[in-house]
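Enquirer: fold the following, please.
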Amino acid sequence: MSVQWTARAREIESFKVMDLLKRAQELSDAGRDIVHLGAGEPDFGAAPSVVEAAKRALDEVRLGYTPTGGIWPLREKIAQFHYQRYGQRIDPAQVLVTAGASAGLLLSITLLVEQGKHLLMADPGYPCNRQFLRAVEAGAFSIPVSSEQNFQLDRDLVRNNWSENTAGVLIASPANPTGAVLSADAIKGIAEETRQQGGALIVDEIYHGLTYDVNTTSAIGIDPNAVVINSFSKYFGMTGWRLGWMVSSVEAIAEMEKIAQNLFISAPTLSQYAALSAFEPEAIEVFEARKQELRERRDLLLEGLLELGFKVPRVPEGAFYIYADASELTSDSFAWCWRLLEDAGVVATPGADFGCNHAEQFVRFAYTTSKQNIALALERIGQFVKSES
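Expert: Numbering: from 1, shown residues only. Next comes the predicted model:
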């Protein structure tokens, strides 16, 4: 008799963009030229000063395990950065360094969501959150949100969808896939309602630093009991270094550190020492210049998509995605994205990755490649659209 997989393993869905990227790599290996507007990974890489710090660490640091909470100098740096960026004072003991933001999401869900309970979250939203919850025998209660609602939850939606099985709320600002940003007042309303209902608030802030013409504040300054997750992958450009952090109460951080001891031991040591340089003025100057480049890419891609017949009712205020309504071009964006890859050599992500809320009519485009590549992608998409009409 063969080994039987668990129900939870069978029910965890694939990350569809990763399937597309796997096929794109096969096409590249066969000699095809592929333009990538799919994955949420900017083409910049780590700042030069961060790379140099990693090289020094290889020579100077014994790269063994670190404390599970992270090396203390990095926790101090994160606390200092938090004050510089938001004007909020936190203790380094309120910081937990994680093996990427994904580890932070898993730790927070493990801490706060009992078996059989669920978190309220927006649909569309980051797909892996649902899978993290399934892995701990909990669930996601996805609430459809539209462009008129800024693709975000609000206090009324939290109140109206709360039930006896609700453990709390998970919000993201800026959000993947929409780039939508929550105002401080909106976060405050959600936090107050969640607290009144006796639930927990988890806030994904991994795209903080990448906002355009809007200000953001960290939710920890609004709700000191929230669990806030951030990352070195997006603003800091360190995707492959697998490093993130969490901020919460000292008590919650200590409890999650205990869980992390068992699941991860510690975050990557080399990455932690390299990240110490990510907060230096030289590196911040690089990151801010990159943000301006991303803004220009967004504007170029947005203009091109609108000309091709896509609808984008809300200009994304953050992150590096455009969540475009393709209903004038297709009734099945999943199949459309696969044809776009095979026929035109362009990777984009179907709405099916992000939920069920009119997913068949949406496509996420990531402006994480050069303006030259974006122009090429738009040309190819235009030719593809004409061929399908």
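Enquirer: can you give me the neighbour number for residue 375?
Expert: When neighbours are defined as other CB atoms under 10 Å, residue 375 has 14 of them. For the C-beta atoms, the positions are set from N, CA and C on the backbone; glycine is no exception.
Enquirer: again with the one 10 residues further on
Expert: Look at residue 385: counted by other CB under 10 Å, it has 19 neighbours.
Enquirer: where does it fall, secondary structure wise?
Expert: Element membership for residue 385 (DSSP states H and E) is helix 371-388.
Enquirer: residues of that helix that come out buried?
Expert: Neighbour-count burial for helix 371-388 flags 373-374, 376-378, 380-381, 384-385 (criterion: 16 or more other CB atoms under 10 Å).
Enquirer: and it, C-alpha only, in PDB?
Expert: Below are the C-alpha coordinates for helix 371-388, written out as PDB (Å, rounded to 0.1, in the frame of the first residue of the first chain):
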ATOM      1  CA  LYS A 371      11.400  50.300 -18.600                       C
ATOM      2  CA  GLN A 372      12.900  48.900 -21.700                       C
ATOM      3  CA  ASN A 373      11.500  45.400 -20.900                       C
ATOM      4  CA  ILE A 374       8.100  46.900 -19.900                       C
ATOM      5  CA  ALA A 375       7.900  48.700 -23.300                       C
ATOM      6  CA  LEU A 376       8.800  45.400 -25.000                       C
ATOM      7  CA  ALA A 377       6.200  43.500 -23.000                       C
ATOM      8  CA  LEU A 378       3.500  46.100 -23.900                       C
ATOM      9  CA  GLU A 379       4.400  45.700 -27.600                       C
ATOM     10  CA  ARG A 380       4.100  41.900 -27.300                       C
ATOM     11  CA  ILE A 381       0.900  42.100 -25.400                       C
ATOM     12  CA  GLY A 382      -0.500  44.400 -28.000                       C
ATOM     13  CA  GLN A 383       0.300  42.000 -30.800                       C
ATOM     14  CA  PHE A 384      -1.100  39.100 -28.700                       C
ATOM     15  CA  VAL A 385      -4.400  41.000 -28.100                       C
ATOM     16  CA  LYS A 386      -4.700  41.700 -31.800                       C
ATOM     17  CA  SER A 387      -4.100  38.100 -32.700                       C
ATOM     18  CA  GLU A 388      -6.900  37.000 -30.300                       C
END
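Enquirer: and that helix, how far out from the chain middle?
Expert: Computed by CA atoms, centre = their mean, to the nearest Å, the chain-centroid distance of helix 371-388 equals 26 Å.
Enquirer: picking up where we left off before, for residue 71, state which of the buried residues of helix 371-388 is nearest.
Expert: Proximity of those to residue 71 (CB to CB) peaks at residue 373, which lies at 37.2 Å.
Enquirer: check contacts around the closest one.
Expert: Residue 373 makes contact with 35-36, according to CB atoms under 8 Å, 6 or more residues apart in numbering.
Enquirer: for it, report the pLDDT, please.
Expert: Note on residue 373: pLDDT of 97.
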